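[1] got a structure for you, letters missing:
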Ligand SMILES: C[S@@+](CC[C@H](N)C(=O)[O-])C[C@H]1O[C@@H](n2cnc3c(N)ncnc32)[C@H](O)[C@@H]1O
């Protein structure tokens, strides 16, 4: 390939970020256009995380899917993605199989919302809480405070309404189309991470983004998460010849609180520190207060 052609190819397939020169190609259209707002979303880090993946892999596996920022940016040809939250997985299946249903519902609710914000928000939240379902979850994720979908112990969403105006239906439809295309090769599982990771074979890549150990024990399905079980699943993957990447809390409060992570010796071969910026969860908890000293750093651990 001539230098100019190579330059053009690099420009087309990769961002201007040097780290993104490595790893598999990314779906640049999806990178900056979130489908779901989700607490702990890796949207800002997806590009960097993917740059550390092997260029070639068999199946891409994501056992803690949430808002699926890395899945979307990677748009794998063959993928498996799981999460313990049932309506969330139902939403991903709808995105893949019936994207027009999402657009229709969003459009109707958005119009009601524009006329009567709080009443519409509270109505959607109570419908969801009475009977958890993918469509209401989607609307709440786009309208709740800071995108922090937060569950009580009883599984009820408790987040108040956000101050922002949710994106208009036409922009939402555009995102749904992009994301629906991005997940056509992915199979979605309502499953505990262990079940999803047990499907990994030699040559596959698993990306784990478990609930933040330090701050997320109160949100979503975190109650069912155990780091010791995760170590065992990762060990099994490594024995099978699967490469595993793990995102984990680095430090909070701009490095003043170092997080304790008791991982088995030798399980990981590399550790990369990534600066995330301000934590959305802390932003939510400290509404109206200063965010100085609330910087978050993430770590990416690699088993190869
Ligand atoms: C940090 S979030 C993932 C965020 C995601 N990377 C993104 O970009 O939006 C963690 C996810 O793990 C899920 N989860 C919690 N416990 C789990 C378990 N035992 N098995 C599978 N998923 C679990 C939660 O429902 C949540 O969606």
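    Now that the structure is in, tell me what you want to look at. A quick note: this is a predicted structure, and the numbers were derived from the prediction, not measured.

[2] Just confirm residue 244 is within a helix.
    No - if the criterion is DSSP: H, G, I helix; E, B strand; the rest coil, then residue 244 is strand and not within a helix.

[3] Report the separation between it and residue 89.
    Counting by CB to CB, to the nearest Å, the gap from residue 244 to residue 89 is 22 Å. Yep, even glycine has a C-beta here, placed from its N, CA and C like the rest.

[4] who's more crowded, those two?
    Between residue 244 and residue 89, counted using other CB atoms under 10 Å, the more crowded position is residue 244 (25 against 19).

[5] Mind jotting down where the helices sit in the protein?
    3-13, 28-31, 46-51, 69-74, 86-97, 99-115, 117-130, 134-143, 169-182, 193-197, 227-239, 280-285 (DSSP state H).

[6] winner for burial among those helices?
    When the helices of the chain are scored by mean count of other CB atoms under 10 Å, the highest mean neighbour count falls to helix 69-74 (a mean of 26).

[7] State the mean pLDDT of that helix.
    Averaged over helix 69-74, pLDDT sits at 98.

[8] for stretch 202-215, same thing?
    Across stretch 202-215, pLDDT averages out at 85.

[9] now do stretch 140-150
    90.

[10] Check the separation of the first and last residues in it.
    Length of stretch 140-150, first residue to last, CA to CA, to the nearest Å: 10 Å.

[11] Is there contact, residue-wise, from that stretch to the ligand?
    No - using CB under 6 Å from any ligand atom, stretch 140-150 never reaches the ligand; the gap is at least 8.8 Å.

[12] and the residue nearest to residue 86 when sequence neighbours are not counted, what pLDDT?
    Counting by CB to CB, 6 or more residues apart in numbering, residue 86 lies nearest to residue 190, which is 5.1 Å off, once chain neighbours are set aside. Note for residue 190: predicted pLDDT of 97.

[13] From residue 178, how far out is residue 190?
    From residue 190 to residue 178 the distance is 24 Å (CB to CB).

[14] Let me see the contact set for the residue nearest to residue 86.
    The contact partners of residue 190, taken as CB atoms under 8 Å, 6 or more residues apart in numbering, are 82, 83, 84, 86, 89, 90.

[15] Now do the contacts for the second one.
    Residues near residue 83 by CB under 8 Å, 6+ apart: 63, 64, 65, 66, 89, 190, 191, 221.

[16] want to try TSV for the residues you listed, with distance to residue 123 as columns?
    TSV is the format used below for these (distance: CB to CB, whole Å):
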residue	distance to residue 123
63	34
64	30
65	27
66	25
89	24
190	26
191	31
221	25
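
[17] Point out the least confident one among those residues.
    The minimum pLDDT among those falls on residue 221, with 46.

[18] Can you tell me how far the residue nearest to residue 172 when sequence neighbours are not counted is from the ligand?
    Distances taken as CB to CB, 6+ apart put residue 106 closest to residue 172, at 5.2 Å, once the chain neighbours are dropped. Going from residue 106 to the ligand by CB to the nearest ligand atom, to the nearest Å gives 19 Å.

[19] Now do the closest residue to residue 22 other than its chain neighbours, the pLDDT please.
    Leaving aside its sequence neighbours, residue 22 sits nearest to residue 51 (CB to CB, 6+ apart; 5.0 Å). Looking at residue 51, its pLDDT is 95.
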